[in-house]
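> Need the 3D shape of this:
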Amino acid sequence: MNILQINASIQSANGQSTRLADAFVDSVRAAQPDTKLVVRDLARNAVPHLDGERFGAFITKPEARTAEQRAVVAYSDVLINELRAADLVVIGLPLYNFGVPSQLKAWIDHVARAGETFRYTEKGPVGLLAGKRAVIFATRGGLHAGTPTDTQTGYIKTLLGFMGITDVDFVYAEGLAISEASKQESLDSAYTAAHRLAGAVAPASKARVADAFAV
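Here you go, the predicted model:
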């Protein structure tokens, strides 16, 4: 199995979404030691935000690109190839000001490219990354799931589905800023859900998954 882990927290490894994603990935790797992992920490290694010049490089025909444009496209290709190679995409997703972190949006703008991860047809767009699974660890200070203020769930599902990734699970840890009791209860529930999902990803190795979470 190949895993691509995207950490979007501005707190990097200290973010609750990153910790949840790490625990999930560690348990899967414990169950399947031959798993290959690529980690993109978007706080430590920020993806440039999309601007006119970068977008222009994407849509310019390969033979007409300048050296600078070729470098921009090559950088995007690296991110896309990491996504292509992954069987499982794991995203640590905090909620900032009712939206996805800007650093995650920058990554999205570099991997959602026509002709690479989706294509347009007479019958509409077709995703080119089918057959993958995604697990999203969404952490929020307040309570948003199932309400109009949850702008993330529909967006991420739509975005991944547009690229062909339709097998998507969300694990929510909410109310983290309400009280210490609310925070602990929500995190406990989220880790339990992550445990359950890890067992589903590696069904033949549930005992080792359980041991990994117990450590």
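> Point me to the residue sitting closest to the centre of the chain.
The residue lying closest to the centre of the chain (Cα atoms, centre = their mean) is Ile91, at 2.8 Å.
> tell me the average confidence for the helix or strand hosting that residue?
Here Ile91 sits within strand 88-94, counting by DSSP states H and E. Strand 88-94 shows a mean pLDDT of 98 in the predicted model.
> repeat for stretch 105-115
Per-residue pLDDT over stretch 105-115 has a mean of 97.
> ok now that stretch, how far from the chain's centre?
Relative to its parent chain, stretch 105-115 has a centroid offset of 13 Å by Cα atoms, centre = their mean, to the nearest Å.
> which residues does the residue nearest to the centre of the chain bridge with?
On the basis of DSSP bridges, Ile91 is bridged to Ile6, Ile136.
> May I ask you to confirm that Leu42 is in contact with Leu104?
Yes: counting by Cβ atoms under 8 Å, Leu104 is a contact partner of Leu42 at 6.2 Å. C-beta here means a position set from N, CA and C on the backbone, and glycine is covered the same way.
> For the two, work out which one has more neighbours and name it.
A count of neighbours by other Cβ atoms under 10 Å puts Leu104 above the other of Leu42 and Leu104, at 24 against 21.
> Tell me the buried residues in stretch 26-41?
Within stretch 26-41, the residues that count as buried by 16 or more other Cβ atoms under 10 Å are Asp26, Ser27, Val28, Arg29, Ala30, Ala31, Gln32, Thr35, Leu37, Val39, Arg40, Asp41.
> ok, now stretch 148-159?
For stretch 148-159, by 16+ other Cβ under 10 Å, it's Asp150, Gln152, Thr153, Ile156, Lys157, Leu159.
> May I have that stretch as CSV, with CA atoms only?
Extracted as CSV, the C-alpha positions of stretch 148-159 are listed here (Å, rounded to 0.1, in the frame of the first residue of the first chain):
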residue,chain,number,x,y,z
PRO,A,148,-24.3,25.4,7.3
THR,A,149,-21.0,26.5,8.9
ASP,A,150,-19.4,23.2,7.8
THR,A,151,-18.0,24.4,4.5
GLN,A,152,-15.3,21.8,4.4
THR,A,153,-17.0,18.4,4.1
GLY,A,154,-19.0,19.2,0.9
TYR,A,155,-16.0,21.0,-0.7
ILE,A,156,-13.5,18.3,0.0
LYS,A,157,-15.9,15.5,-1.2
THR,A,158,-16.7,17.5,-4.3
LEU,A,159,-13.0,18.2,-5.0
